[in-house]
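Enquirer: Got a predicted model here, sequence first, then my questions.
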Amino acid sequence: MMSIVRTSTIPKRYLSDIYNNHLTDVNLLTFEELRAKIFGFFINEFDQYSYYLNKGEKYHCEEIITNDSILQKKWASEHGLSPHLSLEDIFLEQIKHFKPLIYVDNSSYFMSHNAEEFKQKYKVSKIIAWDGYTGSQFKQQSKGVDLLITCVDYIKNIYQELGFESKLLPFGFDNRVFEQLKTSLTIQNRLSFTGSISDNVHKERKELLLTILKNKIPLALHISNIGNKNTWLSRAQMRAIKDLRLKDFKDYYTLQSHNLGGVYGIEMYRTLGQNTIQLNSHGDGSLQAGNMRLYEATGMGTLLLTDWKSNLPDLFVPEKEIITYKNKSEAIDKTKYYLKNTNEAKEIALNGQKRTFAQYSTQSRMIAFEKICDEILQ
């Protein structure tokens with residue numbers, strides 16, 4: 001079998017919560033056991049690549065969470081390496097150990113490292129990098145990367161204009177999540193938002209959430225990177241003070257007073273599945289729809305209310321499988337309507353779920369990824 005190594009990262013606040021509040025037996029676990037538990041929280045794409053690729057007979061995939069110091073140092077210890085090695089050194093030792101034919105970089109490593117030198121030094125045949133972030137510094141990507149995969153056409157086009165080979169591999173939904181949660185979901189008739197608010201890419205998102213609050217719409221607000229009801233002064237507010245952004249300071253105060261706190265992984269999926277409507281808002285400047293929430297929300301069977309993008313009809317049937325809005329007023333009106341007409345909301349939500357299960361499963365995405373690997377090795 002041909003070897004693939006895929007690297008990814010998990011936000012530090014999630015890792016901190018996992019190790020401080022959810023895992024009590026870390027010292028008793030092997031590297032493999034601990035990694036399985038981390039993947040079991042269903043954060044981002046968790047073990048989707050290795051789980052599905054390793055079911056086949058052509059490729060074997062090892063997944064490395066490069067910023068999980070506890071997990072990585074456990075691997076180092078089990079392989080007779082010094083516990084004082086840096087995380088980067090441990091990752092490089094893993095590359096030597098697994099000897100991948102293909103390295104899939106989902107940790108932005110080659111935004112700051114030379115891919116050509118890496119291939120020569122570690123005998124890696126091909127490097128595939130992932131980038132789906134609208135705020136990326138695209139020109140920093142190493143020219144030695146053989147293929148860029150992304151979730152939307154316009155990012156693919158940016159990389160092609162920079163001289164990279166680039167292909168689409170949209171996000172998908174892993175049915176294992178729904179199967180684990182479906183019997184425990186209790187639907188509450190309200191709008192839900194789960195996600196983050198960043199000063200540089202989410203101004204429209206912030207204004208929409210503030211408008212929803214002003215209209216007193218039932219809202220389960222779960223913002224992960226600002227304070228919550230119990231926060232006196234958050235980092236987001238301190239940044240606003242530092243930059244003399246008084247309006248942002250007040251806006252964060254308002255949002256924090258309603259914020260129930262961030263949810264991630266399996267609890268994020270549970271939140272999606274137990275509210276009538278899930279609000280989705282792409283980052284400022286996003287020209288096309290393609291974020292993970294499109295598939296996570298529909299996969300969990302909730303009604304997706306998402307901002308209009310020109311490519312949405314290529315993904316779902318608007319107003320029959322998902323609901324769209326082109327401005328704040330339309331978002332408010334449609335939210336009010338479907339919270340009053342829950343049978344219609346459920347019908348559309350189930351249509352969206354059927355579409356996602358049929359066409360956008362993680363399993364089907366990994367079949368497409370296998371073909372990408374086949375092509376790049378020709």
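Expert: Thanks, I have it.
Enquirer: can you count the residues close to the nearest residue to residue 156 once chain neighbours are set aside?
Expert: Once flanking residues are discounted, residue 156 sits nearest to residue 166: 4.4 Å by CB to CB, 6 or more residues apart in numbering. Any C-beta I mention is one placed from the backbone N, CA and C, and that applies to glycine too. By the criterion of other CB atoms under 10 Å, residue 166 has 21 neighbours.
Enquirer: For residue 166, give its distance to residue 69.
Expert: 32 Å (CB to CB, to the nearest Å).
Enquirer: Give me the residue at the spatial middle of the chain.
Expert: With distances taken as CA atoms, centre = their mean, residue 44 lies nearest the centre of the chain, 4.2 Å away.
Enquirer: wait, doesn't that residue sit right on residue 10?
Expert: Yes. The pair residue 44 and residue 10 passes the contact test of CB atoms under 8 Å, sitting 7.1 Å apart.
Enquirer: any idea how far whichever strand or helix holds residue 323 is from the chain center?
Expert: Taking DSSP states H and E as the criterion, the element that holds residue 323 is strand 323-325. Counting by CA atoms, centre = their mean, to the nearest Å, strand 323-325 is centred 21 Å from the centre of its parent chain.
Enquirer: swap in stretch 352-364?
Expert: 17 Å.
Enquirer: Alpha carbons only: can I get that stretch in PDB?
Expert: C-alpha atoms of stretch 352-364 as PDB (Å, rounded to 0.1, in the frame of the first residue of the first chain):
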ATOM      1  CA  GLY A 352     -31.300  19.300   2.600                       C
ATOM      2  CA  GLN A 353     -30.200  16.400   4.700                       C
ATOM      3  CA  LYS A 354     -31.100  13.900   2.000                       C
ATOM      4  CA  ARG A 355     -29.000  15.900  -0.500                       C
ATOM      5  CA  THR A 356     -26.000  16.000   1.800                       C
ATOM      6  CA  PHE A 357     -26.200  12.300   2.600                       C
ATOM      7  CA  ALA A 358     -26.600  11.400  -1.100                       C
ATOM      8  CA  GLN A 359     -24.000  13.700  -2.600                       C
ATOM      9  CA  TYR A 360     -21.800  15.300   0.000                       C
ATOM     10  CA  SER A 361     -20.800  12.500   2.400                       C
ATOM     11  CA  THR A 362     -17.200  12.300   3.600                       C
ATOM     12  CA  GLN A 363     -17.000   8.900   2.100                       C
ATOM     13  CA  SER A 364     -17.700  10.300  -1.400                       C
END
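Enquirer: Which residues belonging to that stretch are considered buried?
Expert: 352, 353, 355, 356, 357, 360, 361, 362 (16 or more other CB atoms under 10 Å).
Enquirer: State the mean pLDDT of it.
Expert: Across stretch 352-364, pLDDT averages out at 97.
Enquirer: show me the contacts for residue 360.
Expert: With contact set as CB atoms under 8 Å, 6 or more residues apart in numbering, residue 360 has these partners: 170, 171, 172, 173, 295, 298, 299.
Enquirer: do residue 115 as well
Expert: Contacts of residue 115 by CB under 8 Å, 6+ apart are 127, 129, 142, 143, 144, 145, 146.
Enquirer: roughly how far apart are the fifth one and residue 127?
Expert: This means residue 144. Applying CB to CB to residue 144 and residue 127 gives a distance of 7 Å.
Enquirer: Please identify which of these two sits among more neighbours.
Expert: It is residue 127, of residue 144 and residue 127, that has more neighbours when counted by other CB under 10 Å, with 23 against 16.
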